[in-house]
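Q: here's my sequence, what's the structure:
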Amino acid sequence: MLPIKKILLVIPIIFLILIFINGWHIELNEDEVSYKYGEVINLETPKAYFKGIFYLKEGIELPVTTESNINYYKLGNYTVIYKTSFLFFNETKIKNVNI
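A: Now for the predicted structure:
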């Protein structure tokens, strides 16, 4: 029979192995977009998911924050930054918008 100290040491090691094998990651996808001057701009916040290969294949939906420097009254190239995080995982995507 294993002593309690060995069991308490083995459990975190198994947990860490499962984390690395499962390939935990955050999926947040955004592409570049162009809009015509005067066109109504609808920048929808993308959905982000925390997923793994074996566990949480469908993922856990995460909240996404948006930062933007778009001037809707001036032609130009602008950026929109989407950020999300879960535990110690962080993901940032930059979307280029051309008006």
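
Q: okay, CA-based contacts and neighbour counts for the rest of this
A: Will do.

Q: which SSE is the nearest residue to K93 once chain neighbours are set aside in?
A: Sequence neighbours aside, Y82 is the residue nearest to K93 in space, at 5.3 Å (criterion: CA to CA, 6 or more residues apart in numbering). Using DSSP states H and E, Y82 maps to strand 77-86.

Q: and S85, how far from K93?
A: The gap separating S85 from K93 is 12 Å, by CA to CA, to the nearest Å.

Q: then I14?
A: As judged by CA to CA, I14 and K93 stand 32 Å apart.

Q: bridge partners for E27, pull those for me.
A: Under DSSP bridges, the beta-bridge partners of E27 are Y49.

Q: what's the weakest-modelled helix or strand in the chain?
A: When each helix and strand of the chain is scored by mean pLDDT, DSSP states H and E, strand 33-34 comes last, with a mean of 62.

Q: more neighbours: which of I14 and K93?
A: Neighbour comparison, I14 and K93: the larger count goes to K93, with 15 against 10 (by other CA atoms under 10 Å).

Q: what distance do you get for the nearest residue to K95 once chain neighbours are set aside to V97?
A: Closest residue in space to K95, ignoring its immediate chain neighbours: V80 at 5.0 Å, by CA to CA, 6+ apart. According to CA to CA, V80 and V97 sit 7 Å apart.

Q: show me where the protein has strands.
A: Remark: strands assigned in the chain by DSSP state E are 25-27, 33-34, 48-51, 60-62, 65-68, 77-86, 89-98.

Q: of these, which stretch is the most buried?
A: Highest mean neighbour count among the strands of the chain (mean count of other CA atoms under 10 Å): strand 48-51, with a mean of 20.

Q: now it: mean pLDDT?
A: On average, the pLDDT along strand 48-51 is 86.

Q: over to stretch 12-19?
A: Per-residue scores along stretch 12-19 average to 78.

Q: just the CA coordinates for that stretch, please, in CSV.
A: C-alpha atoms of stretch 12-19 as CSV (Å, rounded to 0.1, in the frame of the first residue of the first chain):
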residue,chain,number,x,y,z
PRO,A,12,-0.2,16.6,-9.1
ILE,A,13,2.3,14.9,-11.4
ILE,A,14,-0.6,13.0,-13.1
PHE,A,15,-2.6,16.2,-13.4
LEU,A,16,0.4,18.1,-15.0
ILE,A,17,0.9,15.2,-17.5
LEU,A,18,-2.8,15.4,-18.5
ILE,A,19,-2.6,19.2,-19.0
